[in-house]
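Student: I'll drop the sequence and a predicted model, then ask my questions.
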Amino acid sequence: MNKQKLLSSLPSVDEILKSGKGLVWQEAYPRRYVLQAIREIIEHTRQLILKDEIKEISMEGLLPEIQIKIEKLSSFSLRPVINATGIVMHTNLGRSVLSEEILENVKKVACGYSNLEYDIEKGERGKRYSHIQKLLNDITGAESSLIVNNNAAAVFVCLSALAKGKEVIVSRGELVEIGGSFRVPDVMSASGAVLREVGTTNKTHLRDYESAINENTGLLLKVHQSNFRTIGFTKSVEIDELVTLGKKHNIPVMFDLGSGCLIDLKPYGVHIEPTVQEIVKSGCDIVTFSGDKLLGGPQGGVIAGKSELIEKIAKNPLMRAVRIDKLTLSAFEAVLMNYLDEDTAKKQTPTLRMLLQDVNEIKTRAKKIATRLKREIKEDIADIAVMEDSSQSGGGALPEIEFKTFVVAIKPKKLSVNKLEERLRHSSPPVIARIKEDALIIDARTVADWEIKALVKGIEGALL
Ligand SMILES: *Cc1c(COP(=O)(O)O)cnc(C)c1O
């Protein structure tokens with residue numbers, strides 16, 4: 001057929017809409033995306049005809065392409081992926097995983113009205129923070145507490161409420177940047193507090209803080225280094241020394257703990273930092289930490305400490321801008337409930353479960369994945385082996401700790417490992433894995449048992 005003939009035989013949008021498939025699509029998908037897909041595929045085909053890349057067309061031939069386009073346009077953008085990186089608190093993959101049990105509570109609260117800001121006893125307006133205050137106090141040992149949108153917001157609102165227009169003394173070694181543009185100096189200036197850096201990058205002494213104190217000092221701030229460590233010739237001031245200094249000069253001390261750990265990890269060989277409870281006990285006036293790092297809850301920022309200061313923070317107008325929503329709050333309450341008992345928390349919190357799971361369990365899972373893969377994938381397609389490796393916790397917590405793990409290493413023979421990684425990202429559900437040397441690494445730590453079937457299918461699809 002010549003070009004002109006081909007062009008005139010292209011179906012119109014209307015013809016396709018009125019076809020059997022067209023009618024089905026209009027029932028099943030948003031009409032605007034059905035229209036957009038039809039128009040785009042017709043236009044694309046027109047271009048191919050003009051470039052002589054197509055010799056014949058039929059309406060039936062266009063329908064599958066349109067179908068794929070419609071599905072792509074109307075599928076959810078935010079969707080589940082399989083985390084095969086082994087990084088438990090993977091910020092880009094949503095950080096913490098919530099259990100069904102937690103979601104049950106959210107569902108109850110979200111699908112109807114609730115006493116979010118209503119005091120049932122008194123029959124009058126109540127406070128949204130009241131629902132988790134007692135739990136947080138009981139768990140952390142603090143006099144009082146609040147919860148906001150995330151830890152960045154917690155730090156921001158605390159600085160603004162406690163030190164606006166005043167100097168905040170921070171060690172140079174703690175002026176950190178956390179991923180996603182949270183930089184201590186920038187948060188400080190945005191809050192209206194004035195940064196007073198003391199010490200050097202590697203060494204800060206108590207006397208450095210003391211000599212920087214003046215009548216305009218509003219706060220002594222300690223910041224968890226999170227995703228990096230200074231090693232070698234170093235000195236930092238411990239929180240209890242800072243607390244003593246603060247008391248002497250009547251200046252509050254605040255500690256941004258970043259992840260914050262409510263469970264004693266020493267039995268698991270993790271000896272690096274005191275728990276939130278220990279820090280509160282040391283007399284630190286305010287601590288802040290994330291809800292979705294080691295705690296394993298939804299996104300949130302906990303502020304815990306002395307009642308007098310918490311009250312001051314609660315009254316700050318920024319609290320309204322950083323307030324937590326009811327879905328998060330109901331999830332948080334359910335997560336914290338589990339923390340009343342340490343063993344329950346370890347069992348019921350997926351983040352802790354994945355991080356602290358027995359390495360033999362991980363090995364068994366890795367073997368299961370490998371066995372299933374080997375059933376379908378012959379040696380001329382890929383080498384598949386179970387190997388020992390290490391995973392990181394992620395979330396800026398415990399960066400120096402390597403958690404022993406087991407992985408499935410896949411060395412493709414008919415395509416590059418980069419291509420395999422890319423194809424896996426595009427499978428459904430997407431599989432996110434890492435590359436080490438010439439192998440694709442599937443870390444069994446973060447793969448749930450119920451995800452194995454889809455994972456194996458995804459890998460097979462990408463290899464074959
Ligand atoms: C992660 C982190 C933050 C930011 O916490 P979000 O909950 O992600 O907002 C702030 N400070 C420190 C030290 C952190 O590690």
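Tutor: Alright, I've got the coordinates. Nothing here was measured: the structure is a model prediction, and the numbers come from that model. Numbering: from 1, shown residues only.
Student: A helix includes residue 389, no?
Tutor: No - according to DSSP: H, G, I helix; E, B strand; the rest coil, residue 389 belongs to no helix; its state is strand.
Student: separation between it and residue 69?
Tutor: 40 Å (Cβ to Cβ, to the nearest Å). All C-beta atoms are positioned from the backbone trio N, CA, C, and that covers glycine.
Student: ok, residue 175 next?
Tutor: Applying Cβ to Cβ to residue 175 and residue 69 gives a distance of 49 Å.
Student: please apply the same query to residue 357.
Tutor: Counting by Cβ to Cβ, the gap from residue 357 to residue 69 is 42 Å.
Student: just residue 395 next, same as before
Tutor: From residue 395 to residue 69 the distance is 38 Å (Cβ to Cβ).
Student: okay, those two: which has more neighbours?
Tutor: Set residue 395 next to residue 69 and count neighbours by other Cβ atoms under 10 Å: residue 395 wins out with 27 against 19.
Student: quick one, phi/psi of the residue lying closest to that one once chain neighbours are set aside?
Tutor: Computed as Cβ to Cβ, 6 or more residues apart in numbering, the closest residue to residue 395 that is not its neighbour in sequence is residue 89, at 2.9 Å. Main-chain dihedrals, residue 89, degrees, to the nearest 10: phi -100, psi 70.
Student: can you give me the helices for the stretch 201-350 of the chain?
Tutor: Along the stretch 201-350 of the chain, counting by DSSP state H, counting those that start in this stretch, helices occupy 206-212, 239-249, 276-281, 307-314, 318-321, 326-338, 342-348, 350-356.
Student: those: which one's closest to residue 456?
Tutor: Closest of the helices of the stretch 201-350 of the chain to residue 456 is helix 350-356, at 19.7 Å (criterion: Cβ to Cβ).
Student: spell out which parts of the stretch 51-200 of the chain neighbour the ligand.
Tutor: 150, 151, 152, 155, 178, 182 (Cβ under 6 Å from any ligand atom).
Student: just the ones in helices from these, please.
Tutor: Among these, DSSP state H puts 151, 152, 155 in helices.
Student: check contacts around the second one.
Tutor: Contact partners of residue 152, counting by Cβ atoms under 8 Å, 6 or more residues apart in numbering, are 182, 187, 301.
Student: the last one now?
Tutor: Applying Cβ under 8 Å, 6+ apart, we find residue 155 in contact with 187, 256, 288, 301.
Student: thought the third one was touching residue 310?
Tutor: To tie it back to what came earlier, the one meant is residue 288. No - between residue 288 and residue 310 there is no contact under Cβ atoms under 8 Å: 11.4 Å.
Student: which neighbours do the two share?
Tutor: 303, 304.
Student: separation between residue 84 and the ligand?
Tutor: For residue 84, the distance to the ligand (Cβ to the nearest ligand atom, to the nearest Å) stands at 23 Å.
Student: ok, that residue - contacts?
Tutor: 431, 432, 433, 434, 441, 442, 443, 446, 447, 455.
Student: rerun that using 6 Å as the cut-off
Tutor: Each residue near residue 84 by Cβ atoms under 6 Å, 6 or more residues apart in numbering is listed here: 431, 433, 442, 443, 447.
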